[in-house]
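J.: Fold the following for me, if possible:
(2 chains)
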Amino acid sequence: MASSRKITLRSSDGESFEVEEAVAVESQTIKHMIEDDCADNAIPLPNVTSKILAKVIEYCKKHVDASKAEDRVNDEDLKAWDAAFIKVDQVDQATLFDLILAANYLNIKSLLDLTCQTVADMIKGNLFPVRNEWLNFTFSIANRELVLVCLTEWVAHRRLFCS
Amino acid sequence: MGTLPIELITEILDRLPVESLLRFRCVSRRWRSTIDSPRFVKSHLSRSVESSTNLSLFLRHSSSLYCLDLGSLRSVVEMNYPLMCYSDQIKVLGSCHGLLCISNAADDVVIWNPSTRKHKFLPYSAVEVRRASAFSVCVYGFGYDDGNDDYMLLRLVQLVTEPIESEVSIYSLKNNAWKRLHDMPYSLVYPRKMGVFACRRLHWIMTRELVSDSANLLVAFDFRIEDFKLVDQPDVIDNKLDMDVAVLGGCLCLSINDNHMGVDVWIMKDYGLKESWAKLFSIPQSEVARPLGFARPLAYSQNGRQVLVRQDSKNLVWYHLETKCIKKVNISGMPSSFEAEICLRTLVSVDDYGGITKKRQQQLEEKENRNKRDDFLSVGFKLVL
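T.: Residues are numbered from 1 along each chain as shown, chains lettered A, B, ... in the order given. The predicted model follows:
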C-alpha cells in the first residue's frame, strides 16, 4: 500500500500541523483545496487557532482510524469516544462554540453534527454554566432555561457593543 | 466565546424540541424571525421525520383526546382541542406533519397544531348526494401534497345503495376551499376507517362490489393526479380476509386477520414495488387472551427493534421484532379503550400559510423600520437595548 501523502496545515497563530492526507480530507474544504492543487505548501487556515485545530485533527484521526480498522470499530464505541471527546467539563463552552465555527468553516459534517447536537442537548438539559458577572442584573423571568439562553445571547451581543 | 452566525444557530435550533423553540421566540428578534421562517419550519420538520424524534401518540376515547410523548411513554396528558364536542364523540380524521385534523358530531372540521395551539376551521361543505332512505358512510383522509406544498383533506361519502353512489370532495388549505371531484369507482369496505397517509398518498381498503365474498382492494388516492389507483398486494395473502392499512416508519403496511388464527402484518418496503412486500411480524391468537380483532402497527421504537402496536381498541403493546415477545404498555391515566394516532410535534403553521400575504409584508416592513430606529438610538446614545 502506498504511503499516504502528508499535508501541512497552518493555524491562524502560525503553528504547523502535519497530518496524513486521509485525515486532512475529512474536511471537505481542505479536500477541495487539495483537488484544486493549492496544497503544495502548507494550507493556511486563518479562521482556526492552534488549540482548536489540534482538537479537530484529533477528531478526524479517530474517525479515519475507526473506518480503516481491521476489526471495524463498533459504532457504539465510536459514539462513546465522541461523547468523551465533547464532554462539557473537558471542552469548555468557548471551545465548544469555536469547534462549531471550525467544523463549519472546514466543512466536517460529522463534527458539526456532534457539536451542534451537544449544544442542543445542553440547552435542553439546562447545562449552560452561568458565570458570576452575568448575574449583575436581575431578571424576573421564571423560566430558568429562558434566562440561560437570554444570557448567552446577551453576552454575545454585549461583546459586539463593547468592542 | 465567538458569536455564532445565524446559520449555525439554526443548526442548533433545528435539534431542539418544539416547546423550547416556542419559548425561544422571546430571546431576540433574530431568533424569532428565524424560528418563524417557513424554511426553518421545514428543516425542523424534515429532521424530525428523518430521526423519528418529536413524536407524540394521541389517544381518542369518546370526546377526550390524550397525548403522550412517544419517546418516553410516561404520562398521559389530556388535551384541550378547539372544538365543541356537544357531549358526543369527536373523530380524529388524520394527522400530517404535526397537524391534527378533527371533527365533531356537528361535522365541524378543524385543522389544529397541538404544539403551537394554532387552529383553523374549515368552511362548511354540504354533502350533495343524499337520499332520505339511503344509509350513508362518510370517511376522511388528511395528507400533504408536496407538488403544491399544500395540506389536503379528502372526504369520501358513500350511499349504500344499488348501484353505489359516492361523492368525493377535496379541501385545500392553501385555497381554503372545497372542490368536488369525480366519483370513486370502488366502494368502501370499512365504514369508519379514515384514510392512511403514506408515501404521499391516502390509502383505504375498498372493493369493487359490496357483496360478502368480494375481494379487498388496496386503493390509493394520489393528490397529483387527483384520482384513485390500485396498489398491488402481496401475492400470498388471501384478500378476502379482514384487512387494515397502516403506516409504519413511512412505509405502507397491511395487517391481515387470519380467520382468528392471529394477525399478520406486512410492510411494503419500496412503495409501488410488489416484490418489496415482506411479512414484518405476526401476532398469533395464542399469545393474546381475548379474540384478536386487529393489530395496527403505529411506530418503531428509538432503536428500531420494537414496534408499537395498537391491539384492538384496548391495548398498546410493544412487539420485539427479534425475540418476538409482546409486552403490554401500561401508563397511568390511559383510557380503557381508544383510537390511536401518531402525530409529530412541529412548528407547521395552519394560518398565514403558503407564503407571505400582503398584510404580512406590510407588518414586516414596519418592523424593519422600527429596528432601524432602535439601532440608531442605541449607537447614537450608547444605549444597550
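J.: going forward, measure contacts between C-alpha atoms and count neighbours the same way
T.: OK.
J.: and the residue lying closest to B:Phe228 once chain neighbours are set aside, what does it touch?
T.: Computed as Cα to Cα, 6 or more residues apart in numbering or on different chains, the closest residue to B:Phe228 that is not its neighbour in sequence is B:Phe221, at 4.4 Å. Residues near B:Phe221 by Cα atoms under 8 Å, 6 or more residues apart in numbering or on different chains: B:201-203, B:227-229.
J.: export stretch B:102-115 as CSV, just CAs?
T.: What follows is stretch B:102-115, C-alpha atoms only, in CSV (Å, rounded to 0.1, in the frame of the first residue of the first chain):
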residue,chain,number,x,y,z
ILE,B,102,-60.5,16.5,14.0
SER,B,103,-64.3,16.8,13.7
ASN,B,104,-67.2,16.6,16.0
ALA,B,105,-70.8,15.4,15.8
ALA,B,106,-72.0,18.5,14.1
ASP,B,107,-69.4,17.9,11.3
ASP,B,108,-67.3,20.9,12.2
VAL,B,109,-63.8,20.2,11.0
VAL,B,110,-60.7,21.8,12.3
ILE,B,111,-57.1,21.5,11.4
TRP,B,112,-55.0,22.0,14.5
ASN,B,113,-51.4,22.1,15.5
PRO,B,114,-51.4,20.8,19.1
SER,B,115,-47.8,22.0,19.7
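J.: What are the buried residues along it?
T.: Neighbour-count burial for stretch B:102-115, with 16 or more other Cα atoms under 10 Å in any protein chain shown as criterion, is recorded at B:102-104, B:108-115.
J.: Write out the residues of the stretch 1-150 of chain B neighbouring chain A.
T.: Applying Cα under 8 Å from any Cα of the partner chain, we find that the stretch 1-150 of chain B lies next to chain A at B:1-4, B:8, B:11-13, B:15-16, B:20, B:23-24, B:27-28.
J.: so how far is B:Ile111 from A:Ala83?
T.: Distance of A:Ala83 to B:Ile111, given as Cα to Cα, to the nearest Å: 41 Å.
J.: And the helices in chain B?
T.: Per DSSP state H, chain B carries helices over the ranges B:6-13, B:18-24, B:29-36, B:38-51, B:358-381.
J.: rank the ones you listed by pLDDT, which is bottom?
T.: Ranked by mean pLDDT, the helices of chain B bottom out at helix B:358-381, which scores a mean of 63.
J.: Can you pull out the low-pLDDT segments for the chain?
T.: Went with chain A since none was named. A:1-3, A:39, A:70-73, A:88-91, A:93, A:124-163 (pLDDT under 70).
J.: Chain B is the one I meant
T.: Those would be B:1-3, B:131-133, B:352-362, B:364-365, B:372-385, if you go by pLDDT under 70 across chain B.
J.: Pick out the residue nearest the middle of it.
T.: The centroid of chain B falls nearest to B:Ser95 when counting by Cα atoms, centre = their mean (1.9 Å).
J.: Kindly state the beta-bridge partners for that one.
T.: B:Ser95 has these beta-bridge partners by DSSP bridges: B:Leu100.
J.: I figured it hits B:Ala340, correct?
T.: No. Taking Cα atoms under 8 Å as the definition, B:Ser95 is not a contact partner of B:Ala340, at 10.9 Å.
J.: picking that back up, most neighbours among the contacts of B:Phe221, which one is it?
T.: In terms of neighbour count, B:His203 stands highest of these at 26 neighbours, by other Cα atoms under 10 Å in any protein chain shown.
J.: show me what contacts B:Phe121?
T.: Counted by Cα under 8 Å, 6+ apart, B:Phe121 has contacts B:108-111.
J.: In chain A, what residue lies closest to chain B?
T.: Taking Cα to the nearest Cα, chain B has its nearest neighbour within chain A at A:Ala94, 4.4 Å off.
J.: related to what we said a few turns ago, nearest to chain A among the contacts of B:Phe121?
T.: Distances from chain A to the contacts of B:Phe121, taken by Cα to the nearest Cα, are shortest for B:Ile111, at 29.0 Å.
J.: So in terms of bridging, what pairs with that closest one?
T.: Note on B:Ile111: beta-bridge partners B:Cys101, B:Lys120, judged by DSSP bridges.
J.: What number of residues are in the vicinity of B:Val247?
T.: 21.
J.: which residues of chain A fall in helices?
T.: A:21-24, A:28-35, A:50-68, A:75-86, A:93-105, A:109-124, A:144-162.
J.: Distance check, the nearest residue to B:Arg74 once chain neighbours are set aside against B:Gly293.
T.: Using Cα to Cα, 6+ apart and skipping residues adjacent in sequence, the residue nearest B:Arg74 is B:Ile331, 6.4 Å away. Distance, B:Ile331 to B:Gly293, by Cα to Cα: 22 Å.
J.: Have a look at these two and say which one is more surrounded.
T.: Of the pair B:Ile331 and B:Gly293, B:Gly293 is the one with more neighbours under other Cα under 10 Å, namely 17 against 13.
J.: mind listing what that one touches?
T.: B:257, B:260, B:311-312.
J.: any chance of the helices of chain B in CSV, plus distance to B:Ser136 and mean neighbour count?
T.: Shown next, in CSV, are the helices of chain B (distance: least, Cα to Cα, whole Å; neighbours: other Cα atoms under 10 Å in any protein chain shown):
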stretch, distance to B:Ser136, mean neighbour count
helix B:6-13, 48, 18
helix B:18-24, 40, 16
helix B:29-36, 43, 16
helix B:38-51, 37, 16
helix B:358-381, 43, 12
